[in-house]
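Asks: Need coordinates for the following:
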Amino acid sequence: MLRKLFIVCAVLLSSLAAVADDWLRSIPEFELSDHLGVVHTLDQYADKQFVVFYVQGVGCPIARIALPNYREVRDEFASKNIDFLMFNSNIQDSMPRIAKEADEFGIDFPIMKDEGQALAKALGVERTAEVFIVNPKTREVLYRGPINDQLGYETQRNNAGEHYLKDALNTVLAGGKVDMNDIPDSKGCLIAFFDI
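Replies: Numbers count the residues shown, from 1 in each chain. Predicted structure coming up:
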């Protein structure tokens, strides 16, 4: 009986490890234009220590409200050789709509249009306002999740109690590994896909 229980536990643990590995996928090479007409590839960031990607969506209130938090993290890590980008995978968001949103909300990050949704599908993106930390040399995704715990569905705290992205960046900069079991799911607007 104990042996059967041990085998079941081992199978469950290996299944959980597989799910965790699937959650942190590697990022593929890409060639995407941003709302200013600049073309970006992953290779051009090879000299960066890390690249952080934020999933943007036109009209999404959570993605809009989280912008100052994302900007704050960028400013705090400005001297650490890390680039901060955004990408938009929404079917309904054209480049002119993205550019208008950037202008109206003072978005000073490049917003790449993931036209065929290849990047979102490769990363397993489901919602806006999710962030990814990527090692551009290995293409390994080291973190995915929310910026912090300030925003939720129909809730908003005055101040964040947990700073998931900042903590993750400090961890990977120190050579550590982020424990994704401690990271909650991101809150944001659902991304619609052409085909599932």
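Asks: so the closest residue to residue 132 other than its chain neighbours is in which element?
Replies: Excluding its sequence neighbours, the residue lying closest to residue 132 (Cβ to Cβ, 6 or more residues apart in numbering) is residue 53, at 4.5 Å. Placement of C-beta: from N, CA and C, glycine included. Using DSSP states H and E, residue 53 sits within strand 50-55.
Asks: what's the model's confidence in that strand, averaged?
Replies: Average pLDDT, strand 50-55: 97.
Asks: Run through who's touching it.
Replies: Contact with strand 50-55 is made by 42, 45, 63, 70, 73-74, 81-89, 109, 120, 125, 127-136, 142, 147, 165, 169, 172-173, 188, 191, as judged by Cβ atoms under 8 Å, 6 or more residues apart in numbering.
Asks: repeat that for 6 Å
Replies: Contact with strand 50-55 is made by 45, 70, 82-86, 125, 128, 130-134, 136, as judged by Cβ atoms under 6 Å, 6 or more residues apart in numbering.
Asks: CA-only coordinates of whichever helix or strand comes after that strand, as CSV, when you get a sec.
Replies: Sequence order places helix 61-65 as the next helix or strand after strand 50-55, per DSSP H and E. Taking C-alpha atoms only, helix 61-65 is exported to CSV below (Å, rounded to 0.1, in the frame of the first residue of the first chain):
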residue,chain,number,x,y,z
PRO,A,61,-8.6,49.2,-17.8
ILE,A,62,-6.2,46.9,-15.8
ALA,A,63,-3.5,47.2,-18.5
ARG,A,64,-3.9,51.0,-18.4
ILE,A,65,-3.9,51.3,-14.6
